[in-house]
Structures are given as structure tokens and as C-alpha cells.
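S.K.: Please work out how this folds:
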Amino acid sequence: MNCPRLFRHLAIAMIPVALSLGLPAVLAQTPPATPPGATTPATPAPPAAPTPPGTATPATPTPPPAEVQTPANPTAEAPKPPATAPVQTADPFGEEFTLTPKTVLTIRNNATWDTAFETLINSFKSLAAVLDKQGVKAAGNMMIVYTSTDDTGFAFLAEVPVDQELKDLPKTMSMGKSPEGKALKFVHRGSYDNMDNTYEAITNHLDDKKLEAKDTFIEEYMTDPLKTEEDNLVINVYVPLK
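M.R.: Below is the predicted model of the structure:
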């Protein structure tokens, strides 16, 4: 706040009050000036009250000493900052990868685009049922190998790695080897319905790098597709190169 300006406004506001009281009255209340050379008598101080006999004079309290702060030890080790959580890095996209062949139990099937994921799941269930019947455990993650596509749907192989040859298989199933060779690795997270976005990004990556892919794609399901919610799927997509 500007104090001089406030004081000036208050002084101006007091002028009408002085005029209403009358200048003579104001002057009459003004004490006469002391003539030059005259000394104004000092007002005697009142005598101090006597202290009753036998009453001790209270001592003036002494202020407590200021608190002394001990200087910090310069040789003491400074406190360590709290540990920060590790930063999660992004999934690799277009990482060079070498596929090694595995012994797999395979079923061949076809699907339309409208029922794609449902057909894949049914194929995985068929493979799992055969393994359970023969008492054999899977030796790796379930895979899909796309062999051909068109406007209406696609043909594929559903595969599951095993560590032994299986016999007495249904007519739709056979033993085989998974793809091998150099490929690029991409990672998809989430619903199968969003795979189109992942494959579009893969196509753009191949165009930018001027790379030519073979007519097949491999999906490795890192999460069990029979037990995992579709929105939580993690799928590695391998693109073999020519």
C-alpha cells in the first residue's frame, strides 16, 4: 500500500470538518506559544512507592542463553537419495532375429477374417487336447504360421513345440518343423483385433528400410492364449526376409 498517498487523502478529508467547527474555535483550543527564553518547568516524577520492610526486591529475569547449534560434521556421509524405479524400455520393433527349427505338433486350418481369433483359439484347444490325452507337455509357446491370405480369410498352421514324436494323431494333425532362418522380430501387446495396426506398422517399417519379406508371418504367443484375457496378450511377430 502507498502510505504517503493514503495520508494525503485523509488530510484532505479533514478540511471540511475543521471548517464546520469554525476556525476561531480551533485557534482558541491551540495552546499559547512559549515566549523565547522561557523555560518550561519539568513535571516532577511521582515518588517511587516504598518497599515494605522484609520484602525482597525481585531480581530482573535473565534471558535464557541462545541455543548453540552444533555445526554439521563436514566429514559425515551425506544421506543417499532414494532409489528410483527402473525405467521400462520399449519393446523391440524390427529387431534382427534368427529362427531355429523346433519339433512341433501341427494342425492345418482355414479362417475368415470375421472369425479369425475364434478359429485360432479352437485350433490351439485341439492341439492341447491331444497333448493332454497322450500325457505330453508342450516344450514351448504356441505359434501360428500364416501360409496364405486373401480378401475373405487366410490359411494357417497352428503349432505347439514338443520334445518327442507323437503317434496315433487325428487326420488333421501331423508332426513337423517350425520355420527357421533370418527374420525381423516385432512385439504386439493387447487384443488380437488390434493386430491390423501392428501389421500396418510392420509394413511401413519394411518399406522404410527397403526390405523384402517372404510370403509368410509367424506369431509366437508369449502368453498362453487359452488362459490369458485377450486384452493382455503378448505376441511376438516374426517376419522372415528374402
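S.K.: C-alpha only now, for contacts and for neighbours.
M.R.: Noted.
S.K.: by contact count, what packs against whichever strand or helix holds residue 187?
M.R.: Take DSSP states H and E as the rule and residue 187 turns out to sit in strand 181-189. For strand 181-189, the packing partners by 3 or more C-alpha pairs under 8 Å, 6 or more residues apart in numbering; DSSP states H and E come out as strand 95-99, helix 195-209, strand 234-240.
S.K.: Which one of these lies nearest to residue 221?
M.R.: Between residue 221 and the helices and strands packed on strand 181-189, the tightest spacing by C-alpha to C-alpha is seen for strand 234-240, at 4.7 Å.
S.K.: That closest one pairs with which strands?
M.R.: Partner strands and pairing direction for strand 234-240 (DSSP bridges) are strand 181-189 (antiparallel), strand 217-221 (antiparallel).
S.K.: Could you check the angle it makes with helix 195-209?
M.R.: Here the directions of strand 234-240 and helix 195-209 differ by 40 degrees (axes from the mean of the first three to the mean of the last three C-alpha atoms, to 10 degrees).
S.K.: how about the helices in this structure?
M.R.: For the chain, the helices identified by DSSP state H occupy 3-21, 23-28, 116-134, 195-209, in order along the chain.
S.K.: what pLDDT, on average, does the shortest one get?
M.R.: When you say that, I think you mean helix 23-28. If you average the pLDDT over helix 23-28, you get 40.
S.K.: ditto for the last one
M.R.: Helix 195-209 shows an average pLDDT of 95 in the prediction.
S.K.: and what of stretch 97-106?
M.R.: Confidence over stretch 97-106 (mean pLDDT, whole number) is 97.
S.K.: With stretch 219-234 instead?
M.R.: pLDDT averaged over stretch 219-234 equals 96, rounded to a whole number.
S.K.: what comes up buried for that stretch?
M.R.: 219, 220, 221, 223, 225, 230, 233, 234 (16 or more other C-alpha atoms under 10 Å).
S.K.: How many neighbouring residues does the nearest residue to the last one once chain neighbours are set aside have?
M.R.: It refers to residue 234. Leaving out its chain neighbours, the residue that sits closest to residue 234 by C-alpha to C-alpha, 6 or more residues apart in numbering is residue 189, at 4.6 Å. Using other C-alpha atoms under 10 Å, the number of residues around residue 189 comes to 16.
S.K.: Compute the distance between residue 189 and residue 235, please.
M.R.: If you measure residue 189 against residue 235 using C-alpha to C-alpha, to the nearest Å, the figure is 6 Å.
S.K.: No further questions, thank you.
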